[in-house]
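Asker: build me a model:
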Amino acid sequence: MYVNVASHVTIAKRARKEERKIKEGVLPWSFQEVQKFIYRIRGERLYAALLLSLMGLRPAEVCGLRWEDVDLENATIVIANTRTMMGNRYVVEKNTKSLAGERDLPLPELVLGALKAFRALQAEERLALGEAYTVSGYVLVHEAGDAFTIKQLRRRAYRLMELLGLRRVRLLTHARRASPSWPTMVSRTTSSRDGPHIRT
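Answerer: Purely as a prediction, here's the structure:
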């Protein structure tokens, strides 16, 4: 019996296109939702990483960011490396060779402070684990030093949105489409009216 395999592939592609359209139709967070998210995730291990996502970094750029790309003294980062996944199984690392991909970005005070705190935490974890600690050089790592994947980053971000009762959105999409400027967003997150922080 003859089976036209190509016809099934076409259906799968059409389904993916429809799903993509639905995702693109999701409205970004409101100013208040951004404030709630930023304030309530303080104390979360991925706090600094999620703030970088809100700045507009892609998940692959956040996961590929290395400490050598971070200048804490001058409050800047260089986006020069990405870590993505192939088939949700294999990590693929690439240098951002294009002028559009490789760029220098200033760090807002809130993000700078979060990165400093995260680096200090990693130093403590490395001291505690000794030789068992993996020195990967990446900014976004687990307690034992092994690097996060984009799948793990997204999963945790969506879980936090669920815990906070926020709509599930892509942080990158929100950062690109939101109207308030980033400094305005982060400067107004110091109020304690939104309840306790999420800590892990």
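Asker: what mean pLDDT does stretch 157-176 have?
Answerer: Across stretch 157-176, pLDDT averages out at 81.
Asker: hmm, who's touching it?
Answerer: 23-24, 26-29, 33-34, 36-37, 40-41, 44, 46, 50, 53-59, 182, 198 (C-beta atoms under 8 Å, 6 or more residues apart in numbering). Where C-beta positions appear, they are placed from N, C-alpha and C, glycine not excepted.
Asker: who are the contact partners of Thr76?
Answerer: Contacts of Thr76 (C-beta under 8 Å, 6+ apart): Asp104, Leu105, Pro106, Leu107.
Asker: which one of these is nearest to Glu73?
Answerer: Set against Glu73, the nearest of the contacts of Thr76 by C-beta to C-beta is Leu107 (10.9 Å).
Asker: tell me the contacts of the closest one?
Answerer: Taking C-beta under 8 Å, 6+ apart, one finds Ala75, Thr76, Ile77, Leu115 in contact with Leu107.
Asker: again, 6 Å this time
Answerer: Shown in contact with Leu107 (C-beta atoms under 6 Å, 6 or more residues apart in numbering): Ala75.
Asker: check what pLDDT it gets.
Answerer: For Leu107, pLDDT reads 95.
Asker: next: the one 5 residues further on.
Answerer: Reported pLDDT at Leu112 in the predicted model: 97.
Asker: helices along the protein, start to end?
Answerer: 5-24, 31-40, 47-54, 59-64, 109-129, 150-164, 171-177, 182-187 (DSSP state H).
Asker: just want the angle from the fifth one to helix 47-54.
Answerer: Taking axes from the mean of the first three to the mean of the last three C-alpha atoms, to 10 degrees, one finds helix 109-129 and helix 47-54 inclined to each other by 140 degrees.
Asker: spatially nearest residue to Glu33 (excluding sequence neighbours)?
Answerer: Leu166 (5.7 Å; C-beta to C-beta, 6 or more residues apart in numbering).
Asker: phi first, then psi, for the one you found.
Answerer: phi -100, psi 150 (degrees, to the nearest 10).
Asker: same check on the one 3 residues further on?
Answerer: Note on Val169: its backbone torsions stand at phi -130, psi 160 [degrees, to the nearest 10].
Asker: where neighbours are concerned, which of the contacts of Thr76 has the most?
Answerer: Leu107 (22 neighbours; other C-beta atoms under 10 Å).
Asker: what's the local residue count around Arg45?
Answerer: 18.
Asker: model confidence score at it, please.
Answerer: Looking at Arg45, the pLDDT reads 95.
Asker: equivalent analysis for Gly56, please.
Answerer: In this prediction Gly56 is given a pLDDT of 86.
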